[in-house]
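# Sequence first, predicted model second:
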Amino acid sequence: MFKPQKSETEVLAEQEIKKIYASLEVMTDPSDEEYEKAIDQLVKLHKLMESESSHRRISYDKLVDVALSALGIMAVINHERINVITTKALDVVRKTR
């Protein structure tokens, strides 16, 4: 439902990760220096992917809080428009953390 689009950096990193995995399949000696370099590159690319995608994650709890707060504000404002009362709409809404 809320699937974020990948940035260009994430797409390029995924392509490089696939290339490194393909090259690792061909390598037979894990003690080889090229093997160690490939593993180091994989670790760096995975960290890059994690840092790129972690800042865009939205908690569903926060989305629900925002939606309910907005709905509460609209309900109170609508009630005040129809039935004039002396209250403030924002006092009813739960304070966000």
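Arrived safely.
# remind me which residues of this protein are low pLDDT?
Counting by pLDDT under 70, the chain has low-confidence residues at 1-4, 52-57, 84-97.
# What segments of it are helices?
Ranges of helices in the chain, per DSSP state H, are 8-26, 33-54, 60-82, 89-92.
# As TSV, those helices with mean neighbour count would be great.
In this view, the C-beta of every residue, glycine as well, is placed from N, C-alpha and C. Listed next are those as TSV, based on neighbours: other CB atoms under 10 Å:
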stretch	mean neighbour count
helix 8-26	12
helix 33-54	13
helix 60-82	12
helix 89-92	12
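# Just to check, residue 49 is in contact with residue 13?
Yes - using CB atoms under 8 Å, residue 49 makes contact with residue 13 at a distance of 5.2 Å.
# Could you give the separation between the terminal residues of stretch 26-37?
14 Å (CA to CA, to the nearest Å).
# residues making contact with it?
24, 38 (CB atoms under 8 Å, 6 or more residues apart in numbering).
# Show me how far it is from its chain's centre.
Relative to its chain's centre, stretch 26-37 lies at 34 Å (CA atoms, centre = their mean, to the nearest Å).
# try stretch 62-78
The answer for stretch 62-78 is 23 Å, by CA atoms, centre = their mean.
# Excluding covalently adjacent residues, which one is nearest to residue 23?
Nearest non-adjacent residue to residue 23, counting by CB to CB, 6 or more residues apart in numbering: residue 38, 6.0 Å away.
# Was I right to think that neighbour contacts residue 22?
No - using CB under 8 Å as the test, residue 38 is too far from residue 22 to be in contact (10.2 Å).
# Tell me how this protein divides into domains.
Domain ranges of the chain: 8-54, 60-92, per automatic domain parsing.
# show me the residues around the residue nearest to residue 23 that make contact.
Residue 38 is in contact with 20, 23, 24, 27, counting by CB under 8 Å, 6+ apart.
# Pull up the gap between the last one and residue 20, please.
The one in question is residue 27. 10 Å (CB to CB, to the nearest Å).
# State the distance from residue 47 to residue 17.
Noted for residue 47: a distance of 12 Å to residue 17, by CB to CB.
# for residue 40, same thing?
13 Å.
# Residue 48 too?
10 Å.
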